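>>> how would this look folded up:
(one chain, ligands or ions: 1)
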Amino acid sequence: MFVHRWRDEALAEARRVRGHCSEDLKFLKTWAAKPLTTGAVSPSGRWLARAMAAAVDPLWTGTVVELGPGTGAVTAALLARGVSADRLVAVEYNPDFAEHLRARFPGLRVMVGDAYEFADTLRHAGVADVAAVVSSLPLFTQPPLRRRHLLEQSMKALEPTRPFIQFSYALVPPVPAEAGSWTLDVSGWIMRNLPPARVWTYRKV
Ligand SMILES: C[S@@+](CC[C@H](N)C(=O)[O-])C[C@H]1O[C@@H](n2cnc3c(N)ncnc32)[C@H](O)[C@@H]1O
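Numbers count the residues shown, from 1 in each chain. Prediction:
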């Protein structure tokens, strides 16, 4: 009995590690081909993914919109947090990653599209009420005005106090706080992520 349980746990761990390795490799190959759009050499670690998901309350009504899901590190954390797959919409630019996500998370709505065209992309997806936006986009590869435009569109879709959550490795925020429009909080450094990252949370005033 004990041996069977030990064997099952060892097999599950081996499958998990194999899954991570193949995702790391897929990510690295994509980064080598498209460094600016991919924005990182490997997927976010589980500590960072959990910190992003922790800012979402699964009891909020509406759809959680994930921007730049990649191979699904943050998606998995959102699902583990209790956001059901039918309340999550993932917007990914890279069709290979989108295909990977559909296979990894059956029932998840994956849109191939440009997250910076936030309003149009959500209209196409038929999403009207947005509970939270969770973004892993490499915002620093974009000019400041384009980043701000994305935040503005997201804030229009969100109810007051609901968050736009973004991680970055940078010392400065991707978009500054804007009095009268949105507030900004930053987490401590998540040192277990490589490279260490922080989570920036914007809330509509
Ligand atoms: C830094 S990776 C993060 C991936 C994953 N969320 C993670 O944390 O491991 C950035 C992701 O954003 C996607 N991306 C970049 N530009 C995009 C855009 N304009 N619209 C949608 N996705 C985009 C990339 O293809 C990539 O999957």
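>>> just the strands in this structure please.
63-67, 88-92, 109-112, 130-135, 163-168, 182-186, 198-204 (DSSP state E).
>>> return the last one as PDB; C-alpha atoms alone will do.
Read that as strand 198-204. Output in PDB follows, covering the C-alpha atoms of strand 198-204 (Å, rounded to 0.1, in the frame of the first residue of the first chain):
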ATOM      1  CA  ARG A 198       8.000  42.400  -8.500                       C
ATOM      2  CA  VAL A 199       4.200  42.600  -9.000                       C
ATOM      3  CA  TRP A 200       2.700  46.000  -9.700                       C
ATOM      4  CA  THR A 201      -1.000  46.400  -9.000                       C
ATOM      5  CA  TYR A 202      -2.900  49.300 -10.500                       C
ATOM      6  CA  ARG A 203      -6.400  50.000  -9.200                       C
ATOM      7  CA  LYS A 204      -9.000  52.200 -10.800                       C
END
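>>> and the angle from it to strand 163-168?
Angle, strand 198-204 to strand 163-168, by axes from the mean of the first three to the mean of the last three CA atoms, to 10 degrees: 150 degrees.
>>> surely Ala76 touches Arg50?
No. Counting by CB atoms under 8 Å, Arg50 is not a contact partner of Ala76; they are 9.7 Å apart. Where you see a C-beta, it was placed from the backbone N, CA and C, and this is true even at glycine.
>>> nearest to Thr37, of the strands of the chain?
Smallest distance to Thr37 across the strands of the chain (CB to CB): 10.3 Å, for strand 88-92.
>>> quick one: is that closest one near the ligand?
Yes. Judged by CB under 6 Å from any ligand atom, strand 88-92 and the ligand are in contact via 91-92.
>>> buried set for stretch 41-55?
42-46, 48-53, 55 (16 or more other CB atoms under 10 Å).
>>> just stretch 68-83 next, same as before
68-79, 81, 83.
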